[in-house]
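> No letters, just coordinates:
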């Protein structure tokens, strides 16, 4: 979808990034938990694993950032 948007934008509008939020917010979303702070106390290893997984989202950001830059969009 991003590639298509960049192709169609060509000087008419800017294409933004998807909302990336690596870290505890993303880990809580992955766990589908409403009480992530209690999970830190109750299940620290599980939370640590989810935070590590969420932190890997920076590679996804880098991918889309490179696409936008290649199309001449500002950062």
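Alright, I've got the coordinates. Note that the structure is predicted; figures quoted are calculated from it, not measured.
> roughly how far apart are residue 23 and residue 51?
Counting by C-beta to C-beta, to the nearest Å, the gap from residue 23 to residue 51 is 6 Å. For every residue, glycine as well, the C-beta is placed using N, CA and C.
> Ignore what I typed, I meant residue 38.
15 Å.
> And those two? Which one has more around it.
residue 51 (19 against 10; other C-beta atoms under 10 Å).
> Does that one lie in a helix or a strand, and which?
Using DSSP states H and E, residue 51 falls within helix 44-55.
> how far out from the middle of the chain is the next helix or strand after that helix?
The C-terminal neighbour of helix 44-55 among helices and strands, as given by DSSP H and E, is helix 57-70. Centre-to-centre, helix 57-70 and its host chain are 10 Å apart (C-alpha atoms, centre = their mean, to the nearest Å).
> name the element the nearest residue to residue 53 once chain neighbours are set aside belongs to?
In space, and not counting its chain neighbours, residue 53 is closest to residue 30: 6.6 Å by C-beta to C-beta, 6 or more residues apart in numbering. Using DSSP H and E, residue 30 maps to helix 24-31.
> and residue 18, what does it touch?
By C-beta atoms under 8 Å, 6 or more residues apart in numbering, the residues touching residue 18 are 2, 64.
> which of the residues in the helix or strand of the chain with the lowest mean pLDDT are buried?
Least confident helix or strand of the chain, by mean pLDDT, DSSP states H and E, is helix 24-31 with a mean of 74. Residues of helix 24-31 classed as buried under the neighbour-count rule (16 or more other C-beta atoms under 10 Å) are 24, 26-28, 31.
> what about the chain, any weak spots by pLDDT?
Low-confidence segments of the chain (pLDDT under 70): 20-22, 32-33, 36, 75.
> hang on, isn't residue 9 packed against residue 3?
No - the pair residue 9 / residue 3 is not scored as a contact, 10.8 Å apart, by C-beta atoms under 8 Å.
> Comparing the two, which shows the higher neighbour count?
Shown here are residue 9 and residue 3; by other C-beta under 10 Å, residue 9 has more neighbours (15 against 11).
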